[in-house]
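Structure for this input, please:
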Amino acid sequence: RNVVTLAASPDGRWVAAGTEGGTVVILDAEAGVEVAEVQIGGFYVEGLEFDSNDTLVATSWNRLVHRIDAATGRVLHRFDGFDVERGGWGHGQGYHRLAVSADGSTLAVSHKEGSIHLFDARDPHERLPWTRTRHEEPVDWLATSADGSRVATVAGNISIVWEIPSGRPLARIRSSNDLLGVAFDPAGRTFRTVDGEASRTYDAETWRELGVERREPRGPTGRYRCVSHDLRIFECRVEDPDGDRNRIRVRSQGSNALLLQSQSDILLLALSPGGERLLARTLEEGGYRAVGVAVETGEVTAYRGFDDGIGGGNPVAAIASDGRVAMADREGSIRLGSPVEDPRTLAGGHEGPIVTLAFDRSGRLLASGGEDRKVMLWDATSGRSLAAFEGHLAAVHSLLFAPDSRSLVSGSADGTAIVWALPGR
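Okay, the predicted model is just below:
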């Protein structure tokens, strides 16, 4: 039988496996023997978590949530509030994931349509007063406060600020244009948004608008633009009347510094987490050329092994603060390199195209998100896979490491963002 989900008790004594056909198999990890099989119904077991050393909670597609005694396999009780067939809060598509708080007091269950509900884990009839909203479009931008207590998500012209870890929405900000990015100030007192026409500053407690700075048009722009997490805007612009010279300029509080120019197309690929380095690709006579630009000095560094058109005309890429570069192709592999070493290929993490890449501030960790709805964590020095995270219902569109690299936020086409705790951090 096919195993679709696994869980282990906090003390390591028990291991549980959820299978196709809606069966939970419980194993004694010390003895290496099967203890019980529990049939909970549904097509397969979707969620499986231990809420203590001796009990676990399981969800199945289009069925109830069960609490099970690990030693005997006996069903202790069922959470009737989740029953789809009896007209509960479900919508006929079943449950996706569940999680239990560290103290075992709270149970969170997500539905396949994107809603999340909290229950008292000890009382199968007590639903807690919290329901999560979500975006109606893919989440394409993420920002965290310096203290890690809030995360902001952007989808189209809407930004929502959430409290961590409760998931409570604190503010919903709407712009007249699609937002390019949002950011908290280092002290957490203000919140800023940038769109194609203006930058707006808000009080991060009352969410009252404090001021607007209009962006003056500076002539025609190219197709490519990217924004650093401190909201500096980098863009390609055609500078000469004949339209055959592109230039990358940086805008930050009135600055219009020239960073790079070329007589061929310039494609902006990525910015390092701190905005120190910009990764660009130019199309020369001999093919593509990948270059890194130091934002403060304008120093240009060429990269070997990225000139074969990997990823096509608009590849997914990331650059670290130390100059390390990653690019992805449509088959799900990643090419990782630096100015002083030939690139290596990271494979086996994704099934299908990769949509987004991100380095942490140290440059030692790399995250990737794909159309397979999966988030992968990599050691950027050795190329070793460190972890895989699954929980989104659609492609992962954006990734952001917390400043301390202890957690990772992912945004998805399903309209949600998930904060992942990183292993060993």
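
for this protein, where's the lowest mean pLDDT among helices and strands?
In the chain, no helix or strand scores lower on mean pLDDT, DSSP states H and E than strand 127-131, which sits at a mean of 43.

Following the chain past it, name the next helix or strand.
Once the chain leaves strand 127-131, the next helix or strand it forms, by DSSP states H and E, is strand 141-144.

May I ask you to confirm that Gly47 is in contact with Ala58?
Yes: the pair Gly47 / Ala58 is scored as a contact, 6.7 Å apart, by CB atoms under 8 Å. For glycine as for every other residue, the C-beta is placed from the backbone atoms N, C-alpha and C.

What distance do you get for the closest residue to Glu390 other than its chain neighbours to Ala417?
Nearest residue to Glu390, sequence neighbours excluded (CB to CB, 6 or more residues apart in numbering): Lys374, at 5.5 Å. For Lys374, the distance to Ala417 equals 15 Å [CB to CB, to the nearest Å].

Surely Leu386 forms part of a strand?
Yes: assessed with DSSP: H, G, I helix; E, B strand; the rest coil, Leu386 lies in a strand.

quick one: low-confidence parts of the stretch 51-200 of the chain?
Scanning the stretch 51-200 of the chain for pLDDT under 70 picks out 61-64, 79-134.

how does it look with 80?
60-65, 77-140, 148, 164-167, 196 (pLDDT under 80).

Show the residue spans covered by the strands in it.
55-60, 65-69, 75-79, 95-100, 106-111, 116-120, 127-131, 141-144, 150-155, 158-163, 169-174, 179-184, 190-195, 198-203 (DSSP state E, counting those that start in this stretch).

Same list, these, but as a markdown table with mean neighbour count and distance to Leu366 please.
As requested, these are exported to a markdown table (neighbours: other CB atoms under 10 Å; distance: least, CB to CB, whole Å):
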| stretch | mean neighbour count | distance to Leu366 |
| --- | --- | --- |
| strand 55-60 | 25 | 32 |
| strand 65-69 | 21 | 36 |
| strand 75-79 | 16 | 39 |
| strand 95-100 | 20 | 25 |
| strand 106-111 | 22 | 27 |
| strand 116-120 | 19 | 28 |
| strand 127-131 | 12 | 34 |
| strand 141-144 | 22 | 16 |
| strand 150-155 | 24 | 20 |
| strand 158-163 | 19 | 25 |
| strand 169-174 | 15 | 30 |
| strand 179-184 | 22 | 21 |
| strand 190-195 | 21 | 26 |
| strand 198-203 | 16 | 30 |
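
now these in a markdown table, with distance to Leu278?
As requested, the strands of the stretch 51-200 of the chain are exported to a markdown table (distance: least, CB to CB, whole Å):
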| stretch | distance to Leu278 |
| --- | --- |
| strand 55-60 | 45 |
| strand 65-69 | 48 |
| strand 75-79 | 51 |
| strand 95-100 | 37 |
| strand 106-111 | 37 |
| strand 116-120 | 37 |
| strand 127-131 | 41 |
| strand 141-144 | 18 |
| strand 150-155 | 21 |
| strand 158-163 | 24 |
| strand 169-174 | 28 |
| strand 179-184 | 15 |
| strand 190-195 | 17 |
| strand 198-203 | 20 |
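
Out of these, the one nearest Val38 is which?
strand 65-69 (5.6 Å; CB to CB).

before we move on, which element is Arg344 in?
strand 341-346.

Can you give the strand pairings for the helix or strand that that strand is followed by, parallel or anti for each?
Note on strand 341-346: by DSSP H and E, the next helix or strand toward the C-terminus is strand 354-359. When pairing is defined by DSSP bridges, strand 354-359 lines up against strand 365-370 (antiparallel).

hmm, who's touching the partner strand?
Strand 365-370 is contacted by residues 318, 320, 326, 328, 332, 334, 336, 349-360, 375-380, 386, 395-399, 401, 405, 408, 410, 412, 422 when judged by CB atoms under 8 Å, 6 or more residues apart in numbering.

Just list what the next helix or strand after that strand packs against, helices and strands only.
Remark: after strand 365-370, the chain's next helix or strand is strand 374-379, criterion DSSP H and E. Here strand 374-379 is seen to pack against strand 365-370, strand 385-390, strand 396-401, strand 407-412 when contacts are counted using 3 or more CB pairs under 8 Å, 6 or more residues apart in numbering; DSSP states H and E.

rerun at 6 Å
strand 365-370, strand 385-390 (3 or more CB pairs under 6 Å, 6 or more residues apart in numbering; DSSP states H and E).

now that strand, how far from the chain's geometric center?
10 Å (CA atoms, centre = their mean, to the nearest Å).

returning to what we had before: of all the helices and strands packed on strand 374-379, which lies closest to Thr201?
Comparing the helices and strands packed on strand 374-379 by CB to CB, strand 365-370 comes nearest, at 29.5 Å.

neighbours around Arg289, how many?
16 (other CB atoms under 10 Å).

How about it: which residues does it bridge to?
The partner residues for Arg289, given DSSP bridges, come to Thr282.

Check the gap between the residue lying closest to Arg67 once chain neighbours are set aside and Glu276 for me.
Among residues not flanking Arg67 along the chain, Leu76 sits closest, at 4.6 Å (CB to CB, 6+ apart). The gap separating Leu76 from Glu276 is 54 Å, by CB to CB.

repeat for Ala58
Ala58 is 47 Å from Glu276, by CB to CB.

same thing with Val194?
From Val194 to Glu276 the distance is 19 Å (CB to CB).

ok, Thr416 - how many residues close by?
By other CB under 10 Å, the burial measure for Thr416, its neighbour count, is 24.

repeat for Gly337
What Gly337 shows, counting by other CB under 10 Å, is a neighbour count of 20.

Just to check, it is in contact with Gly305?
Yes: between Gly337 and Gly305 there is a contact at 5.5 Å, judged by CB atoms under 6 Å.

Please enumerate the shared neighbours of those two.
Pro343 (CB atoms under 6 Å, 6 or more residues apart in numbering).

No more questions from me, cheers.
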